[in-house]
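1. Next come a sequence and a model predicted from it.
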Amino acid sequence: MTPSGSPATEPSLGAPQQADPRVMALRQVHRAMSELRRGTPVVLQGGDTALVVAAAETVGARGLADLAGAALAPAALLLAPVRAAAVLQRPVPHAAEEDGIVALRLLPTLLAPEALRSLADPTAERLLPEVPERVAAPPLAQAAIALAKLGRLLPALVAAPASEAAAPRLGLLQVPAAEVLAYPAAAATSLARVAEARVPLEDAPQARIIAFRAADGGIEHLAILVGTPEKTAAEGGAPLVRAHSECFTGDLLGSLRCDCGPQLRGAIRRMAQDPEGGVLLYLAQEGRGIGLVNKLRAYTLQDGGLDTLDANRALGYGADERSFLVAATMLRAVGVERVRLLTNNPDKIEGLSACGIEVLGREAHAFDPNGVNDGYLRTKAERFGHILG
């Protein structure tokens, strides 16, 4: 990436670039996410160190057997501190954390799929036969947690020091830990336009949709262009822009728990009415980047009394896991680098600015509470710093 945050020239998805090491690294990490999602261990490599890991929520008996076959020492469970404190039933001092990760020794009674899922998922807790004890987090633990998050899994990993020689024998995928940690930026800057069509919308008849895909072939992000924002940008203007994270429940089903649906449709209406047009970036970053399944888990925790922020943390995620570099890359690709940002969230202004997009101003985009999402909006204002007044 260039110092301004703009992507360097990226390879296309065609056959001639198959051997490009950047593309191969992205695809290797993408494969590792898929392996974890289906319950298969992978081996993380870092210098002279290797760590075999499996996702606690998906691993079964076969996966645990493969992990044991590659392990050089007893396995531990890697958790975020908030989740670890709940499992241990006592606070976890921040000074004792290793890169924000807590490791727990897995006694034999806990090395079973059902027990591991209970340790990982606060919505599936049950009485455990024993409470695990803390141990030192192994090297590469941070990359292990990062890989689970990339796969939209609960950040809870069964992990053990590994023999790299055992990985080929067991058919386990090996991936450099450094490539896992570099993946978010590398994937964002490799986004390329793959399809475009005119799609007249109910509130914006003059609209087009452009699909973007990263070089690993992963999930697509969309840019909805209303009017001619590229022309506005080319003439020195600043079109309206909204970075909108997808919300299946709110955007498609009309959920009352959030304000996402009104924000999506309201943004399109505003852009259609604005003479300079606009760009709505529809980003595949559901639930502030934790994914739809985890968002549903967070809803369950919210029904038990937690707010949006604390529910995400209880699952082991940060308050906001989204990448603004994805939005910046897409804006550059459509020729828009100066914007009037349609948002209530100051973090979006800072995030896009840090990626080299010039934000000339903020356009307020608040909607009244509906009687169901009142607490959700209050949390946005009080704990996330959104400007809703």
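-> Right, received. Where do you want to start?
2. contacts, neighbours, all on C-alpha from now
-> Noted.
3. Contacts only, for Glu363.
-> Contacts for Glu363 were tallied using Cα atoms under 8 Å, 6 or more residues apart in numbering; they are 340-344.
4. Now tabulate these in CSV and tack on pLDDT.
-> Formatted as CSV, the contacts of Glu363 follow (pLDDT from 0 to 100):
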residue, pLDDT
Arg340, 97
Leu341, 97
Leu342, 97
Thr343, 96
Asn344, 95
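5. Lys380: which of those residues is nearest?
-> Asn344 (9.4 Å; Cα to Cα).
6. mind checking the SS state of that closest one?
-> What DSSP: H, G, I helix; E, B strand; the rest coil gives for Asn344 is coil.
7. Would you confirm that it contacts Ala366?
-> Yes. Asn344 is in contact with Ala366 according to Cα atoms under 8 Å; the separation is 6.8 Å.
8. and for the two, which residues touch both?
-> When contacts are counted by Cα under 8 Å, 6+ apart, Asn344 and Ala366 are jointly contacted by Leu388.
9. Show me the shaky parts of this protein.
-> For the chain, applying pLDDT under 70 flags the ranges 1-19, 93-99.
10. Repeat the analysis, applying 50 as the threshold.
-> 1-17, 95-98 (pLDDT under 50).
11. which helix of it spans the most residues?
-> helix 21-37 (DSSP state H).
12. Which elements pack onto it?
-> The contact analysis (3 or more Cα pairs under 8 Å, 6 or more residues apart in numbering; DSSP states H and E) places helix 21-37 against strand 42-46, strand 49-55, helix 141-150, strand 173-176, helix 177-189.
13. CA atoms only: put the next helix or strand after the last one into CSV for me.
-> Beyond helix 177-189 in the direction of the C-terminus, DSSP states H and E gives the next helix or strand as strand 192-198. These are the backbone C-alpha positions of strand 192-198, laid out as CSV (Å, rounded to 0.1, in the frame of the first residue of the first chain):
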residue,chain,number,x,y,z
ALA,A,192,-11.3,-5.1,-8.1
ARG,A,193,-14.4,-4.3,-10.1
VAL,A,194,-15.9,-7.6,-11.5
ALA,A,195,-19.4,-6.6,-12.7
GLU,A,196,-21.5,-3.5,-13.3
ALA,A,197,-25.1,-2.9,-14.2
ARG,A,198,-27.8,-0.2,-14.4
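14. ok, strand 192-198: who's next to it in the sheet?
-> Its sheet considered, strand 192-198 pairs with strand 207-213 (antiparallel) by DSSP bridges.
15. Using the centroid of this structure, identify the residue furthest from it.
-> Centroid-distance maximum for the chain: Glu235 at 35.0 Å, with Cα atoms, centre = their mean.
16. quick one, phi psi at that one?
-> For Glu235, the backbone dihedrals (degrees, to the nearest 10) come out as phi -90, psi 10.
17. Look up how far Thr228 lies from it.
-> To Thr228, Glu235 is 11 Å away according to Cα to Cα, to the nearest Å.
18. Need the overlap of contacts for these two.
-> The contact sets of Glu235 and Thr228 do not overlap (Cα under 8 Å, 6+ apart).
19. Off-centre distance for the longest helix of the chain?
-> Computed by Cα atoms, centre = their mean, to the nearest Å, the chain-centroid distance of helix 21-37 equals 15 Å.
20. can you give me the angle it makes with helix 141-150?
-> In terms of direction (axes from the mean of the first three to the mean of the last three Cα atoms, to 10 degrees), helix 21-37 departs from helix 141-150 by 80 degrees.
21. Contact partners for the closest residue in space to Gly316 that isn't next to it in sequence?
-> In space, and not counting its chain neighbours, Gly316 is closest to Ala80: 4.9 Å by Cα to Cα, 6 or more residues apart in numbering. Neighbouring residues of Ala80 by Cα under 8 Å, 6+ apart: 100-102, 155-156, 316-317.
22. The same query, at a cut-off of 7 Å, please.
-> Residues counted as contacts of Ala80 (Cα atoms under 7 Å, 6 or more residues apart in numbering) are 100-102, 155, 316.
23. can you redo those as JSON lines with distance to Gln263 and secondary structure?
-> Below are the contacts of Ala80 laid out as JSON lines (distance: Cα to Cα, whole Å; DSSP: H, G, I helix; E, B strand; the rest coil):
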{"residue": "Gly100", "distance to Gln263": "34", "secondary structure": "coil"}
{"residue": "Ile101", "distance to Gln263": "35", "secondary structure": "strand"}
{"residue": "Val102", "distance to Gln263": "38", "secondary structure": "strand"}
{"residue": "Pro155", "distance to Gln263": "30", "secondary structure": "coil"}
{"residue": "Gly316", "distance to Gln263": "28", "secondary structure": "coil"}
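24. Of these, just say which sits nearest to Thr40.
-> Here the nearest of the contacts of Ala80 to Thr40, counting by Cα to Cα, is Pro155; it sits at 15.4 Å.
25. That closest one against Lys149, yeah?
-> Yes. Counting by Cα atoms under 7 Å, Lys149 is a contact partner of Pro155 at 5.9 Å.
26. Next, show the common contact partners of those two.
-> Joint contacts of Pro155 and Lys149 (Cα under 7 Å, 6+ apart) do not exist.
27. higher neighbour count, those two?
-> Between Pro155 and Lys149, Pro155 has the larger neighbour count (other Cα atoms under 10 Å), namely 26 against 20.
28. quick one: that one and Gly63, what's the gap?
-> 17 Å.
29. Name the stretch among the helices and strands packed on helix 21-37 that sits most buried.
-> strand 49-55 (a mean of 28; mean count of other Cα atoms under 10 Å).
30. which is the next helix or strand following it?
-> helix 61-70.
31. could you list every residue that touches Ile219?
-> Here Ile219 is in contact with Arg213 (criterion: Cα under 7 Å, 6+ apart).
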